[in-house]
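**Q** fold the following for me, if possible:
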Amino acid sequence: MPAPTTYPDLADPRTFVEQDLPALWARLRSEDPVHWSEPAVGRPGFWSITRHRDLLTVYKDNERFTSEQGNVLSTLLQGSDSASGKMLAVTDGPRHRAIRALMLRSFSPRLLDSVVQGVRRRTRALMAARLDGEFDLAADLADQIPINTIGDLMGIPEADRPMLVDWNNQTLSRYQAGDTELEEWLARNEILLYFGDLAARRRRDPGADVVSALVAGTVDGRSLTHDEVVFNCYSLILGADESSRMSSIGAVLALAEYDNQWQALRAGEVGLDSAVDEVLRWTTPPMHFGRRAVADVELGGRLIRTGDVVALWNAAANRDPEVFADPEVFDLARTPNKHVAFGHGAHYCVGAFLGRAHVSAILECLRELVSGIEVTAPPQQLYSNFVQGWSSAPVILRPAGGAR
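**A** Alright, predicted model coming up:
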């Protein structure tokens, strides 16, 4: 096996700003697909899984790999997650299944049909208002859509939503290298405090929203605790907002770069369903999810020992040539497309349907309203080892004939 020093530190956010990531993932899949990162200052060692088939093996194995001690590197490498056993993403077993079933009642495609229509209307109005003038794709378009969708579902006052978007960005990533871990911690606590207050208000005055459903919901005949309600609100706002925003920004930037795909979309030569899945594969906003081994496991010829941290690199698996023909080609007609942008198995993202709806609305409006996409300045990448995306992306969308 190659020496660990031949690879950059996959726990360091700088790696994801400075490295050629497709080339790095290709090296790891080929040379060391179950890769051990040696302990470094301030953190233990951990495993990185980069092949698609190995990711599926771990995602499906809920007996020997747990999410309960954390599901991202930032918490796993610190030892544990304070929301363990209380938040859906870091709860396993029967309790996980019961809370998931409770939450899915508010996120079924049938119940969300009117919500999706609202997503399309809001996206169209925002995009139409910005045609033919320079604007920030992140702040002025993508930041406005998912937060308002989940905000409506959770009954969050409109005035509070921009503040939550800003906290979300700081919680899962940093705007730049100079931002500190303290700012991440403070943002996370602001979100928890916010939802603690909102949950208390819903207990006094319930409504027809997701927070009220969590407050009133029962598992095994018992109500969720206050902490469980708050932590699951926190999980929903992060998961439903961040991934959709970054996929939407990435869709526009990719279409600006790959003119053949832009023309195919405009001409109706590709369907929205396949186009959405390719955007998700191509952008993969959550670059990894994490697990901890609770038993010794042999994988890819390596021995993962009990207690070891394991990072499942979705971003690498989504470019695996064993699964995707010409994986470095952006192809909106790609089918089948077995991407793992939303994870896989028992912890598959609850908000996947909404995430697809957001990306679909962006692509549909681009196809119908826009004739050309001009990126007017280099997009600013988030500083993160978890979220792959942009904090700013100045563009001009040229209107199609009759779009105004």
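
**Q** ok, which stretches of the stretch 251-400 of the chain are helices?
**A** Assigned by DSSP state H, counting those that start in this stretch, the helices in the stretch 251-400 of the chain fall at 259-266, 272-283, 314-317, 352-369.

**Q** my guess is Gly301 meets Pro33, correct?
**A** No: when contacts are counted by CB atoms under 8 Å, Gly301 is not listed as touching Pro33 (9.1 Å). Where you see a C-beta, it was placed from the backbone N, CA and C, and this is true even at glycine.

**Q** more neighbours, these two?
**A** Each of Gly301 and Pro33 has its neighbours counted (other CB atoms under 10 Å); Pro33 has more, 23 against 8.

**Q** which residue is the nearest non-sequential neighbour of the more buried one?
**A** The shortest distance from Pro33 to any non-neighbouring residue, by CB to CB, 6 or more residues apart in numbering, is to Arg51 (4.4 Å).

**Q** would you put the C-alpha positions of stretch 353-362 in PDB?
**A** Output of stretch 353-362 as PDB, limited to C-alpha atoms (Å, rounded to 0.1, in the frame of the first residue of the first chain):
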ATOM      1  CA  PHE A 353     -37.900  14.300  -2.900                       C
ATOM      2  CA  LEU A 354     -37.800  18.000  -2.100                       C
ATOM      3  CA  GLY A 355     -34.200  18.200  -3.100                       C
ATOM      4  CA  ARG A 356     -35.000  16.900  -6.500                       C
ATOM      5  CA  ALA A 357     -37.900  19.200  -6.800                       C
ATOM      6  CA  HIS A 358     -35.700  22.300  -6.200                       C
ATOM      7  CA  VAL A 359     -33.200  21.200  -8.800                       C
ATOM      8  CA  SER A 360     -35.900  20.300 -11.300                       C
ATOM      9  CA  ALA A 361     -37.500  23.800 -10.900                       C
ATOM     10  CA  ILE A 362     -34.200  25.500 -11.600                       C
END
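
**Q** how about it: buried residues?
**A** Using 16 or more other CB atoms under 10 Å as the test for burial, stretch 353-362 gives 353-362.

**Q** pick the most buried one from the helices of the stretch 251-400 of the chain.
**A** helix 314-317 (a mean of 27; mean count of other CB atoms under 10 Å).

**Q** report all helices and strands that it contacts.
**A** helix 21-31, helix 52-60, strand 288-293 (3 or more CB pairs under 8 Å, 6 or more residues apart in numbering; DSSP states H and E).

**Q** just name the most buried of these.
**A** Most buried of the helices and strands packed on helix 314-317, by mean neighbour count (mean count of other CB under 10 Å): strand 288-293, with a mean of 24.

**Q** what lines up beside that strand in the sheet?
**A** strand 65-66 (antiparallel), strand 309-313 (antiparallel) (DSSP bridges).

**Q** contacts for the last one?
**A** Applying CB atoms under 8 Å, 6 or more residues apart in numbering, the external contacts of strand 309-313 come out as 10, 25, 28, 44-50, 55, 58-59, 65, 73, 76-77, 287-293, 304.

**Q** one more: the shortest one?
**A** By CB under 8 Å, 6+ apart, the surrounding residues in contact with strand 65-66 are 58, 92, 291-294, 297, 310.

**Q** hey, which helix or strand in this structure has the poorest pLDDT?
**A** The weakest-scoring helix or strand in the chain, judged by mean pLDDT, DSSP states H and E, is helix 161-172 (a mean of 80).

**Q** list the helices and strands the helix or strand just after it packs on?
**A** Sequence order places helix 181-204 as the next helix or strand after helix 161-172, per DSSP states H and E. Here helix 181-204 touches helix 161-172, helix 210-216, helix 226-257, going by 3+ CB pairs under 8 Å, 6+ apart.

**Q** list the contacts of the one residue sitting closest to the centre of the chain.
**A** Closest to where the C-alpha atoms of the chain average out (CA atoms, centre = their mean) is Ser243, at 3.3 Å. By CB under 8 Å, 6+ apart, the residues touching Ser243 are 285-286, 341-342, 349, 351, 355.
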